[in-house]
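Asker: Turn this into a model:
(one chain, ligands or ions: 1)
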Amino acid sequence: MASEQSDTGGTVVPSRAMVVHPAPRPVDAARHPEARLAEAVGLAEAIDLDIVAAEVVPLSKRRPATLLGQGTVDRLGEVVDELQIGLIVVDAHLSPVQQRNLEKAWNAKVIDRTGLILEIFGARARTREGRLQVELAALSYQRSRLVRSWTHLERQRGGFGFLGGPGETQIEADRRLIGDRIVRLKKELEEVKRTRDLHRKARRRVPYPIVALVGYTNAGKSTLFNALTRAEVLAKDQLFATLDPTMRALALPSGRTIILSDTVGFVSDLPHELVAAFRATLEEVLEADVIVHVRDVAHPDTVAQRADVESVLRELGIGDVIDRGLVEALNKIDLLAESDRHEVVNQAQRDAKLVPVSAVSGEGQADLLALLDCQLAAERQILDLDVPLSDGASIAWLYSHGEVLRRDDDELQAHMQVRLDTADVARFSRRD
Ligand code: GTP
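Answerer: Residues are numbered from 1 along each chain as shown. Okay, the predicted model is just below:
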C-alpha cells in the first residue's frame, strides 16, 4: 500500500521503532519467545521500519487497561524516551482501549500484531480479490479504533502526526467515510468473486501442472523458487507473461514442464479478522496439482510452524491432500549442525515425500525435482481420447472428473485431451 501516499503531507512513518513481544507465563514449550520476537522483528522490517530496540516482556496477567503490567509499561516508557522511539509494535492483540492507553503512557504511536500483518498483506496481496480483502480487513480494524492508526487512511490523507488524534467530529466523519467505503468494497468483492471462476478456468487452459510452494514466513520459499527456476530461459517465461509474476515455468528431469507458484508466507496466530484476506492470497494453492511445503528445519519452532501451516491448509478444504502426505522441502539444511543434519537425512530416508534441501547451497534441489516428477506421474495423466458424440454420458463424465484440455469434434467423434487422476483413468476404462 506504499503507493497510497498522500501528496499533501507525505508518508508519515516514524523513523525509530521498537518491537515488544509479550510472552505469556507459563511459557508455551513449542514456541520460543525469542523466536517469536525475531519473527515480529522480521515482519516489522519487511515494512521498512527502523528497529532500534526489541525485547520479550513477561505477561503473567492480561491487564484490561494496558495488557502489560504497570512495571513493564513504566520501564518500556524509559526506553522509548531514551532512544527517542516514535512507534512501538506490540506483538499481541490490543483492544482499542489498550492501544490508546499505551500510546498515552509512552507518548508514541502503538500498533499491534493485527496492524502489522495488515501492512504486510497490503504490500503483498497480488490478486484483486486479495487486495480488496486486505483493504476491507484494514478498514474494519480501523473503524474499531477511535484514533486512527498511522497506517492506511492516515497515510492516504496526509497524516496527522502520531501524537494526539483528530477531534471527535473528525472521528465521526471518518467513521462515516470508512463505513461508506466498506459498503463499496463489499460490492466490489462480490463482483470479483463472481468473475473469479471465469478467470480460474482461463488460467487452467495452460496445459501444465501447477506446483505450489507454501510455507511459513521466512522458510525460504522465494529463495527456493528463484533457485529452481533460475536456469530457465526467458522465452519460456514469456509464454506466461499474462500469469502472476510469482508463477514460472520449469522443466523437470523427465522433460515434463510444470508451473511453479510461490505464495504468501504463513504467520503464527493469524488474527481472525485477517483469515479471509490471507485465504484470498492463497487461492492458487487450491488449484495446484502438487503442494510443496517448504520448511525451515533450522528454526527452533519448525514443528509448531508445520502444524500451523497444515491446519490452515485444512481450513482451506484440502485436508485429504495432507492426510495423503504433503511433499516437504526440508530447507536450510546447510545451517544445521552435523548431528541434526543426520537426523533430518534419516527422517527423509524413511519417508519418500521428505527432501532435505538448501535453497542457498543447491543441495537436494535435484532430488526435489525428481520427486515432483514421480508425484505428477503418479497422480495425473494426460490422455488423448476419441469418444463417439453419441456417447454423451462418457463425455459428461470426463468433464466432471477430469480437466478437458482440448476438444475438437468431427461429425462422429469428440477428440479430447483430458487430464485425469490415475484412479480416474482406471475408473474410466472400467465404465464400458
Ligand atoms: P516470506 O516471503 O516471508 O514468506 O519468506 P520466504 O519463505 O519467501 O523466505 P525467503 O526466501 O525470503 O528467505 C528468508 C531468508 O532465509 C532469507 O534471508 C534467505 O536468504 C534465507 N534462506 C532461504 N533459504 C535458505 C537456505 O537454504 N539456507 C540458508 N542458510 N538460508 C536460507
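Asker: How about the secondary structure of residue 381?
Answerer: strand (DSSP: H, G, I helix; E, B strand; the rest coil).
Asker: Tell me how many other residues surround it.
Answerer: 15 (other Cβ atoms under 10 Å). For the C-beta atoms, the positions are set from N, CA and C on the backbone; glycine is no exception.
Asker: what does residue 362 give?
Answerer: Neighbour count of residue 362, defined by other Cβ under 10 Å: 12.
Asker: Is residue 269 in a helix, a strand, or coil?
Answerer: On the three-state scheme (three-state DSSP), residue 269 is labelled coil.
Asker: how near is the closest residue to it other than its chain neighbours to residue 184?
Answerer: Ranked by Cβ to Cβ, 6 or more residues apart in numbering and with sequence neighbours excluded, the top spatial neighbour of residue 269 is residue 113, at 7.3 Å. Separation of residue 113 from residue 184 (Cβ to Cβ, to the nearest Å) stands at 27 Å.
Asker: of those two, who's got more company?
Answerer: A direct count of neighbours by other Cβ under 10 Å for residue 113 and residue 184 places residue 113 higher, at 22 against 10.
Asker: Backbone dihedrals for residue 249, please?
Answerer: The phi/psi pair for residue 249 (degrees, to the nearest 10) reads phi -80, psi 150.
Asker: Whatever residue of the stretch 101-250 of the chain ends up closest to the ligand: what's it in contact with?
Answerer: Per Cβ to the nearest ligand atom, residue 220 is where the stretch 101-250 of the chain lies closest to the ligand, at 2.9 Å. Residue 220 is in contact with 294, 296, 331, 332, 359, 360, counting by Cβ atoms under 8 Å, 6 or more residues apart in numbering.
Asker: part of a helix, is the first one?
Answerer: No. Looking at residue 294 with three-state DSSP, it is strand, so not inside a helix.
Asker: That one against residue 327, yeah?
Answerer: No. Between residue 294 and residue 327 there is no contact under Cβ atoms under 8 Å: 9.7 Å.
Asker: if you count what's nearby, which of the two comes out ahead?
Answerer: residue 294 (28 against 20).
Asker: Against the ligand, how distant is the more buried one?
Answerer: Distance from residue 294 to the ligand, counting by Cβ to the nearest ligand atom, to the nearest Å: 6 Å.
Asker: interface residues of the stretch 301-432 of the chain facing the ligand?
Answerer: 331, 332, 334, 335, 358, 359, 360 (Cβ under 6 Å from any ligand atom).
Asker: that older thread, which of the contacts of residue 220 count as buried?
Answerer: The neighbour-count test (16 or more other Cβ atoms under 10 Å) marks 294, 296, 331, 332, 359 as buried among the contacts of residue 220.
Asker: For the fourth one, report the pLDDT, please.
Answerer: In other words, residue 332. We have a pLDDT of 97 for residue 332.
Asker: Tell me how far the residue lying closest to residue 57 once chain neighbours are set aside lies from residue 351.
Answerer: Distances taken as Cβ to Cβ, 6+ apart put residue 72 closest to residue 57, at 5.0 Å, once the chain neighbours are dropped. Counting by Cβ to Cβ, the gap from residue 72 to residue 351 is 45 Å.
Asker: now residue 139
Answerer: 45 Å.
Asker: and what of residue 113?
Answerer: Counting by Cβ to Cβ, the gap from residue 113 to residue 351 is 34 Å.
Asker: Let me know the secondary structure of the residue nearest the centre of the chain.
Answerer: In the chain, the residue lying closest to the centroid (Cα atoms, centre = their mean) is residue 264, at 2.8 Å. With three-state DSSP as the basis, the three-state label of residue 264 is coil.
Asker: sorry, back to before: the more surrounded of residue 139 and residue 351?
Answerer: The neighbour comparison of residue 139 against residue 351 (other Cβ under 10 Å) goes to residue 139, with 19 against 10.
Asker: okay, now the closest residue to the ligand within the chain: neighbour count?
Answerer: Closest approach between the chain and the ligand, counting by Cβ to the nearest ligand atom: residue 265, at 2.2 Å. Applying other Cβ under 10 Å, we find 23 residues neighbouring residue 265.
Asker: Same question for residue 311.
Answerer: 13.
Asker: so it sits in a helix?
Answerer: Yes. Under three-state DSSP, residue 311 falls within a helix.
Asker: who touches it in this structure?
Answerer: Listed by Cβ under 8 Å, 6+ apart, residue 311 has no contact partners.
Asker: I'd like the distance between it and residue 270.
Answerer: 10 Å.
Asker: The stretch 1-150 of the chain: helices as residue ranges?
Answerer: Using DSSP state H, counting those that start in this stretch, the helices found in the stretch 1-150 of the chain span residues 33-46, 70-83, 96-106, 113-124, 128-143.
Asker: Just give the nearest non-adjacent residue to residue 420, would you?
Answerer: residue 402 (4.1 Å).
Asker: do the same with residue 224
Answerer: residue 359 (3.9 Å).
Asker: any idea how far that neighbour lies from residue 313?
Answerer: For residue 359, the distance to residue 313 - Cβ to Cβ - is 21 Å.
Asker: again with residue 369
Answerer: Taken as Cβ to Cβ, the span from residue 369 to residue 313 is 22 Å.
Asker: same check, this time on residue 404
Answerer: As judged by Cβ to Cβ, residue 404 and residue 313 stand 27 Å apart.
Asker: Looking at the two, which is more packed in?
Answerer: residue 313 (21 against 16).
Asker: before we move on, the earlier item: show me what contacts the residue of the chain closest to the ligand?
Answerer: Going by Cβ under 8 Å, 6+ apart, residue 265 touches 215, 216, 217, 218, 219, 221.
Asker: Out of those, list just those in helices.
Answerer: Using DSSP state H, residue 221 are the members of the contacts of residue 265 that sit in helices.
Asker: send the alpha carbons of stretch 38-47 over as PDB?
Answerer: The C-alpha coordinates for stretch 38-47 follow below in PDB (Å, rounded to 0.1, in the frame of the first residue of the first chain):
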ATOM      1  CA  ALA A  38      12.600 -12.500  15.800                       C
ATOM      2  CA  GLU A  39       9.600 -13.200  13.600                       C
ATOM      3  CA  ALA A  40       7.900 -10.000  14.700                       C
ATOM      4  CA  VAL A  41      11.000  -8.000  14.000                       C
ATOM      5  CA  GLY A  42      11.300  -9.600  10.600                       C
ATOM      6  CA  LEU A  43       7.800  -8.700   9.800                       C
ATOM      7  CA  ALA A  44       8.300  -5.100  11.000                       C
ATOM      8  CA  GLU A  45      11.500  -4.800   8.900                       C
ATOM      9  CA  ALA A  46       9.500  -6.000   5.900                       C
ATOM     10  CA  ILE A  47       7.500  -2.800   6.100                       C
END
